[in-house]
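In: after the sequence you'll find the predicted model.
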Amino acid sequence: MKKSKIVHDRDNCIGCNACVMIAPQSWVMDEKEGKAFLIGSKKKKNLYVAEIFDCDVDVNKKAESACPMRVIKVEGEKRFS
């Protein structure tokens with residue numbers, strides 16, 4: 001069930017690749033721009049937003065924590081401790 005989402009401030013991404021290494025099911029590097037791309041996202045104003053499966057929340061929370069620029073926001077509950 002998809003009810004969680006990720007919001008990515010791509011303009012301020014520095015392309016460190018941490019999110020791609022931690023959560024490759026949600027992130028890829030855009031080699032042309034040198035920034036991370038949130039798979040399945042849609043641009044809303046200056047942000048990219050994608051719905052994710054609840055089972056992907058935990059790993060994307062790790063990507064959120066690892067981002068040195070703090071441009072990833074995961075909106076969803078952790079399912080398991």
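Out: Received, thanks. Residues are numbered from 1 along each chain as shown.

In: could you use CA atoms for every contact and neighbour count after this?
Out: Will do.

In: just checking, residue 11 touches residue 45?
Out: No: counting by Cα atoms under 8 Å, residue 11 does not reach residue 45; the two are 11.2 Å apart.

In: buried stuff in stretch 9-27?
Out: 9-10, 13, 15-20, 22-24, 26-27 (16 or more other Cα atoms under 10 Å).

In: gap between it and the chain center?
Out: When distances are taken as Cα atoms, centre = their mean, to the nearest Å, stretch 9-27 is centred 6 Å away from the chain's centroid.

In: now residue 30, what are its backbone angles?
Out: Per-residue torsions, residue 30: phi -90, psi 100 (degrees, to the nearest 10).

In: okay, now it: neighbour count?
Out: 12 (other Cα atoms under 10 Å).

In: what's the answer for residue 52, then?
Out: 22.

In: kindly indicate whether it is helix, strand or coil.
Out: strand (DSSP: H, G, I helix; E, B strand; the rest coil).

In: so what's it scoring on pLDDT?
Out: The per-residue pLDDT reported for residue 52 equals 94.

In: got it, and the one 10 residues further on?
Out: Listed pLDDT for residue 62 reads 98.

In: so of the buried residues of stretch 9-27, which ones are in helices?
Out: 18, 19, 20, 22 (DSSP state H).
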